[in-house]
Structure formats: C-alpha cells, structure tokens
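**Q** fold the stuff below for me.
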Amino acid sequence: MGATALLCLLSFGNTFAVGAFAPLIPDIARAHDLSDREIGMVAAAFGLARMIGALPAGALAGRWLGRTLAAAPVLLCLGILALVSATGFATLVLGRFAIGLAHTCTMVSALTGILRDHRSGSGSFRLNVFEFVSMLGVLGGLAAVAMAPRAWSWNVSYLVASAPVLLVVAAAPALARRFGATPAVERAGPRRAALRDPAAPASSTVGMMFVVGIVLGLAWSAASQFVIPLRGTRELGLDRSGVSSLLALAQIVDLAALLPVGRLADRIGRGPVLGGVAIILGLGTVGIGVGSLPLFVAGCAGLGAGLAGWMLPLGVIRDHTPAERFAWRTGLYRLGVDGAIFAGPLLSGVLGERRAGALVAAMGVGAVVVGLSLLRGQWPRRSSAAEAHRT
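**A** As a prediction, this is how the structure comes out:
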C-alpha cells in the first residue's frame, strides 16, 4: 500500500470515534446527570488534549514519524475504553482527553507525512483528499450512531461506532515500517532552521494563516460539539437521529465541496478561495446560533461548505516554510487551532445553551470579517522563495 493510502487509512479509521461523540452528548449528559458546564468541559477535554499534544507531536513527527503514526491508534483505543467505562465526570474527561491526544498525533504526523514530499501545483488538492477521507470517517461515526438501536446505551453505541480503529491497529506495523526513516533535513531543530530562514518568524502570511485556523476552529467546535446537539435537542425538539442527521449534513456538504475547493485553490490561488469559504462558514454559524429551524438546517450546510477550506491555511504555511521546519511549524499551527477547539465548547458550557448560541453567532460574524479581510488583502502573498519553488 502506498504512503498516502496508508495515511488516509489511518485517518479514516481513527475519525469514526470523533464523529460518533457529538450526537451522544445529550444521552451522556442524562446518564451521568451533567450540568451544561460539565458537558462543555467533557467536550472541551478533546481540544485541550489536542492543544497540549500539538507541539510534542510535531517534535516527535520530525524525528520518529513512523513510531508516532503507529502509536496513535493504540492510544485512541485506550481513550475509547476509558470513555465507555467511565463512572462519572472525571473519567469522562480523562477518556476524551486520551482521544484528543490520539487525534493530534494522527493529524500532525499524517500531515507531515503527506507534505514531506511537497510537489508543486497539487498541494491543496492532496491535502483535501486526505481531509475527504477523514470526513468519511467522521460521517461513518455519525451514521453508525444514527443507525444504532435505540435500546442500546450510549457507551455501547459509541464502542460499536468506533470499531474501525481496529483496522488501523492492524496496520500499525506497516505505518512504522513505511515512515520509519525520517530524512536528515527534517530532523534539524527549529533554532537551526530559523538561521536558514530569517524571514520566516516575521512572515505576515504565516501569521494570517494562524488567525484563519483559529477562527475556523472556534466556530466549528462550539457549533458541532455543543450548540448543534444541545440547541437542536432542547430548543428545536430534535432527537438523537435528528441531531445525527444535521451533523451528517454538514459532513456530506463538506465532502462534496472538498475536492473541488482543493482543485480550485491550486488553479486560482488559496487566498480568494479561503476568503470565500470563511464567509460561507461564518454565515452558517450565525444560522446555527440564533436561527429558526430552517436557518438552523441551512447553517449546518453552510458550516460544512466552510469546512472544505480547513486544510488550505496549512498548505500556505508549507509554501513559506523550509522542509526542516515543517513538522515543528505544523505542530505550532495545530496548537493554535486545537486551542480554539478546546475553547469553543468550554466557553459554550460556561455560558449555557441559550447564551452559547449567541456566542456561536458572534464567532460567525468574526469568520465573515476574516473572510472579507482575506479577499480585500489578497492573502496569501507568495514569498519569492515560494514563487521560485513553484516555477
């Protein structure tokens, strides 16, 4: 099996557990008698672990890429088992935290593996192919929960929905062998790399991409990990299948848009495409936060369309980063994004379901502002090095 196919298999099997969690939030809250604040903390533990693990994962991927890739599904299995066997709030948080660590190892390492060979003219498309397969896994987790018998408890439903991770555990030795040797150029430390690329730390383009990633992470996490399941259940009267269907709608729209968006970004530039999808995502989250049921449904579709640009900032960062720094900078970028993924549901839980809707709507307005800034500023600006690389 080729390198990219192995990495896609890794992400596909591991993301079932990510997709299966959100529609089960109301059931978990009832089973453990959780307050809104505790629900937000359980959901946010995933993002906290991703945030804490991002830089270590980047450092590990730069030195021992194969081992990091092989360890991710094993850690995920431990997190799943901890979550479904939880006896209370603390163990729920612990299980979600372990799942978040596994996910950040998966994403940082896989993205490093994909972009280690940065072929010109197809970077956005290859990133979106990887994201496409990842979203198939998320959608598979959602579908498995939606189809689970109602008589099943939430933990049985979650365990069954997450079962594809066993395929990745079986493939772990192949991952370790295929990515075991990291080229010497990628093992250079960040300080040494900085001497070779003195303009990189001051790169306004890279900084702008960090801002875009953080805005996307905030909007996605608060909407999908808190407001959609709780507002949909409590205020709009949806059951588990209804919530799963709306979350699946976002994933289906995302899947439909991913490959065309990636191809379009390679043809006309990432800046205008990224600005457009940020605006669509922002409008969608406004509908999710404060809209009536029809706007709520339309907002879920808009959220999915906006998420089709999720990988574009990282492609821009790769264009402006020498190979020896990329694993480290990928971890740094994921630190910002995962910090936003942690903060979204945590803030929502502190505010409570009703005020969280207004927060999500405000995040949507912020995403629209960022999108307009991208379009007006004609970001990203290519550095001379990037231009030389492409030509």
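**Q** what's the neighbour count on Val84?
**A** Neighbour count of Val84, defined by other C-beta atoms under 10 Å: 18. Just so you know, the C-beta spots here come from the backbone N, C-alpha and C atoms, and that holds for glycine as well.
**Q** could you number the chain from 279 rather than 1 from now on?
**A** Yes, from this point I'll number from 279; that puts the last item at Val362.
**Q** hang on, it packs against Ala439?
**A** No - using C-beta atoms under 8 Å, Val362 is not in contact with Ala439; the gap is 10.5 Å.
**Q** contacting residues for the closest residue to Ile619 other than its chain neighbours?
**A** Once flanking residues are discounted, Ile619 sits nearest to Gly325: 3.5 Å by C-beta to C-beta, 6 or more residues apart in numbering. Residues counted as contacts of Gly325 (C-beta atoms under 8 Å, 6 or more residues apart in numbering) are 378, 495, 499, 616-624.
**Q** just the ones of these in strands?
**A** Judged by DSSP state E, those include no members of strands.
**Q** which parts of the stretch 379-528 of the chain are strands?
**A** Counting by DSSP state E, counting those that start in this stretch, one finds no strands in the stretch 379-528 of the chain.
**Q** centre of the chain to stretch 318-337, how far?
**A** Counting by C-alpha atoms, centre = their mean, to the nearest Å, stretch 318-337 is centred 11 Å from the centre of its parent chain.
**Q** pull the CA atoms of it into PDB?
**A** Provided in PDB are the C-alpha atoms of stretch 318-337 (Å, rounded to 0.1, in the frame of the first residue of the first chain):
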ATOM      1  CA  GLY A 318     -18.800  21.700  28.000                       C
ATOM      2  CA  MET A 319     -15.700  20.600  29.900                       C
ATOM      3  CA  VAL A 320     -16.100  17.000  28.700                       C
ATOM      4  CA  ALA A 321     -16.400  18.200  25.100                       C
ATOM      5  CA  ALA A 322     -13.500  20.600  25.600                       C
ATOM      6  CA  ALA A 323     -11.200  18.000  27.000                       C
ATOM      7  CA  PHE A 324     -10.700  16.700  23.400                       C
ATOM      8  CA  GLY A 325      -9.500  20.100  22.300                       C
ATOM      9  CA  LEU A 326      -7.400  20.600  25.400                       C
ATOM     10  CA  ALA A 327      -5.500  17.400  24.700                       C
ATOM     11  CA  ARG A 328      -5.000  18.400  21.100                       C
ATOM     12  CA  MET A 329      -3.700  21.700  22.200                       C
ATOM     13  CA  ILE A 330      -1.300  20.300  24.800                       C
ATOM     14  CA  GLY A 331      -0.200  17.500  22.400                       C
ATOM     15  CA  ALA A 332       0.300  19.500  19.300                       C
ATOM     16  CA  LEU A 333       3.900  20.700  19.800                       C
ATOM     17  CA  PRO A 334       5.200  17.400  21.200                       C
ATOM     18  CA  ALA A 335       3.500  15.600  18.300                       C
ATOM     19  CA  GLY A 336       5.300  17.900  15.900                       C
ATOM     20  CA  ALA A 337       8.600  17.300  17.600                       C
END
